[in-house]
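Visitor: sequence unknown, structure follows:
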């Protein structure tokens, strides 16, 4: 009964380092999302994928890339991390037009 | 202007009172509307969804949608201290995007 699984849960990066956040869902959902959450800012959409092989920019895509390799997995890559990318990152999945289910989040600190 | 706007609060109500949370959105093509609750340090969890104009009730919660006014609200009756959390409004478009507001912090005082 895993739902949406994100790895890692915590990460500290140095400025300029790269990393990939992994997300996998086992609910056979078509849509997947990456959000970031900063204090007082709610959830801001970084990228989303309506189906396997398709991705679209959200509200704050700069500095990020994504990959939807298959229906289950949607990864988020930071090519050159900056302190402004310090945030909590949430992955979510949903059937089209329906409620989104969230992973447990990744707390990322860039120093 | 953000696509989905909420008053960040905090909204403070006494225990047993009705809490009213509001949300406006800018995309007239929006088709689905959700309210999530988020406790500090946790992931958002769904409370209510609504797709059609009018009211939808589930226990102590009522969601209200007015597409003409581009307005969604959530009423919490008989508020309890355990309802203290951040409430996030989310709006889904026909392209698949799901956009959240900045959230309203609710404090229910015993």
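Guide: Done, it's in. As the structure is a prediction and not an experimental result, all values here were calculated from the model.
Visitor: Distance check, residue B:99 against chain A.
Guide: 6 Å (C-beta to the nearest C-beta, to the nearest Å). Placement of C-beta: from N, CA and C, glycine included.
Visitor: check which helix or strand covers that residue.
Guide: Using DSSP states H and E, residue B:99 falls within strand B:98-100.
Visitor: and that strand, what does it pack onto?
Guide: With contacts defined as 3 or more C-beta pairs under 8 Å, 6 or more residues apart in numbering or on different chains; DSSP states H and E, strand B:98-100 has these neighbours: strand A:31-37, strand A:43-49, strand B:85-92.
Visitor: Got the phi and psi for residue A:83?
Guide: With angles defined as degrees, to the nearest 10, residue A:83 sits at phi -50, psi -30.
Visitor: Count the neighbours of the closest residue to it other than its chain neighbours for me.
Guide: Counting by C-beta to C-beta, 6 or more residues apart in numbering or on different chains, residue A:83 lies nearest to residue A:110, which is 5.0 Å off, once chain neighbours are set aside. Neighbours of residue A:110 under the rule other C-beta atoms under 10 Å in any protein chain shown: 19.
Visitor: who touches the strand holding residue B:99?
Guide: Applying C-beta atoms under 8 Å, 6 or more residues apart in numbering or on different chains, the external contacts of strand B:98-100 come out as A:31, A:33, A:35, A:42-45, A:48, A:58-59, A:92, A:94, A:100, B:3-4, B:25, B:27, B:34, B:36, B:88-93.
Visitor: Same question for stretch A:81-89.
Guide: Taking C-beta under 8 Å, 6+ apart as the rule, stretch A:81-89 contacts A:6, A:13-19, A:21, A:34-38, A:46, A:63, A:76, A:78, A:105-111.
Visitor: ok, the most centrally placed residue in chain A - contacts?
Guide: With distances taken as C-alpha atoms, centre = their mean, residue A:34 lies nearest the centre of chain A, 3.1 Å away. When contacts are counted by C-beta under 8 Å, 6+ apart, residue A:34 is found next to A:21, A:23, A:45-48, A:58, A:64, A:66, A:74, A:76, A:89-91.
Visitor: Restricted to buried residues, select the residues you listed in PyMOL.
Guide: To isolate the buried ones among these in PyMOL, judged by 16 or more other C-beta atoms under 10 Å in any protein chain shown, type:
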select buried, chain A and resi 21+23+45+46+47+48+58+64+66+74+76+89+90+91
